[in-house]
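K.L.:
Need coordinates for the below:
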Amino acid sequence: WACSRNYGLGTRLPWDHHVVIESLSDSTIYMAYYTIAHMLQGGDLTGKAIGPLGITPDQLTDEVFDYIFLQSDVPPAKCTIPKEQLEELRREFSYWYPMDLRVSGKDLIPNHLTMALYNHAAIWENRPDLWPRGFFCNGHVMVDAEKMSKSQGNFLTLKQSIEQFTSDGTRLA
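P.N.:
Numbers count the residues shown, from 1 in each chain. The predicted structure follows:
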């Protein structure tokens with residue numbers, strides 16, 4: 001269901017810009033990808049540069065991701081990525097996963113955090129050791145008896161805070 005739409009919020013698939021990864025699915029499992037993103041993208045968040053391993057997007061098949069993330073026993077057939085690089089990606093994922101703590105706002109419990117649990121349980125059904133180890137939910141900061149939020153406009157950006165209170169005052173606060 002993750003790639004179920006062609007419009008709206010979410011991330012466009014790099015190889016098919018007509019398909020959108022539904023935002024709840026996208027935002028609850030991306031931490032797994034982040035464990036290897038630096039090796040594939042090399043710090044370029046636009047996806048325009050090839051990362052340090054020299055792997056191109058067309059080489060990243062479902063079987064490759066299954067081998068890395070699902071730790072399947074058999075290397076992907078017809079894979080053009082050298083086995084040493086596949087093993088390096090697997091080691092990197094294994095080192096950083098599962099996430100020890102996901103920190104979020106309490107308003108995301110019924111959607112993002114619940115979906116995060118569902119997605120991890122579905123993807124790693126037989127590997128509960130790869131499910132998130134903990135969640136921490138912070139409350140809402142209240143300003144003049146209203147929730148502080150972007151939509152309310154009752155907050156300062158870091159730059160505004162430094163300009164108004166100095167960097168030391170901002171750090172102290």
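K.L.:
Would you map the helices across the chain?
P.N.:
Assigned by DSSP state H, the chain shows helices spanning 23-41, 62-69, 83-96, 114-123, 158-172.
K.L.:
Tell me which residues are up against the third one.
P.N.:
In this case it means helix 83-96. Contacting residues not belonging to helix 83-96 are listed as 32, 34-36, 39, 53, 55, 64, 67-69, 71, 75-76, 79 [C-beta atoms under 8 Å, 6 or more residues apart in numbering]. Heads up, the C-betas are built off the backbone N, CA and C, glycines and all.
K.L.:
ok, which pair from those is furthest apart?
P.N.:
Looking at the contacts of helix 83-96 by C-beta to C-beta, the two members farthest from one another are Tyr34 and Pro75, with 23.2 Å of separation.
K.L.:
I figured Met39 hits Pro52, correct?
P.N.:
Yes: at 6.2 Å, Met39 counts as touching Pro52 under the criterion of C-beta atoms under 8 Å.
K.L.:
So which of the two has more stuff around it?
P.N.:
When Met39 and Pro52 are compared for neighbours, Met39 comes out ahead with 16 against 11, by other C-beta atoms under 10 Å.
K.L.:
Now do the nearest residue to that one once chain neighbours are set aside, the pLDDT please.
P.N.:
Beyond its immediate neighbours in the sequence, the residue positioned closest to Met39 (C-beta to C-beta, 6 or more residues apart in numbering) is Leu53, lying 5.2 Å away. Taken from the predicted model, the pLDDT recorded for Leu53 is 96.
K.L.:
and if you look at Val103?
P.N.:
86.
K.L.:
Likewise for the one 3 residues further on?
P.N.:
Lys106 carries a pLDDT value of 86.
K.L.:
list the contacts for the nearest residue to it once chain neighbours are set aside?
P.N.:
Distance criterion C-beta to C-beta, 6+ apart; nearest residue to Lys106, sequence neighbours excluded, is Cys137 at 4.5 Å. Contacts of Cys137 were listed using C-beta under 8 Å, 6+ apart, and they are 103-106, 108-109, 113.
K.L.:
what do you get for Ala116?
P.N.:
When contacts are counted by C-beta under 8 Å, 6+ apart, Ala116 is found next to 28-29, 102, 132, 135.
K.L.:
Looking at the residues you listed, which one is closest to Ile21?
P.N.:
The closest of the contacts of Ala116, once distances to Ile21 are taken by C-beta to C-beta, is Ile29, at 9.5 Å.
K.L.:
Run a quick check on that closest one versus Leu117, I expect a contact.
P.N.:
No: between Ile29 and Leu117 no contact is recorded; they are 11.0 Å apart, counting by C-beta under 8 Å.
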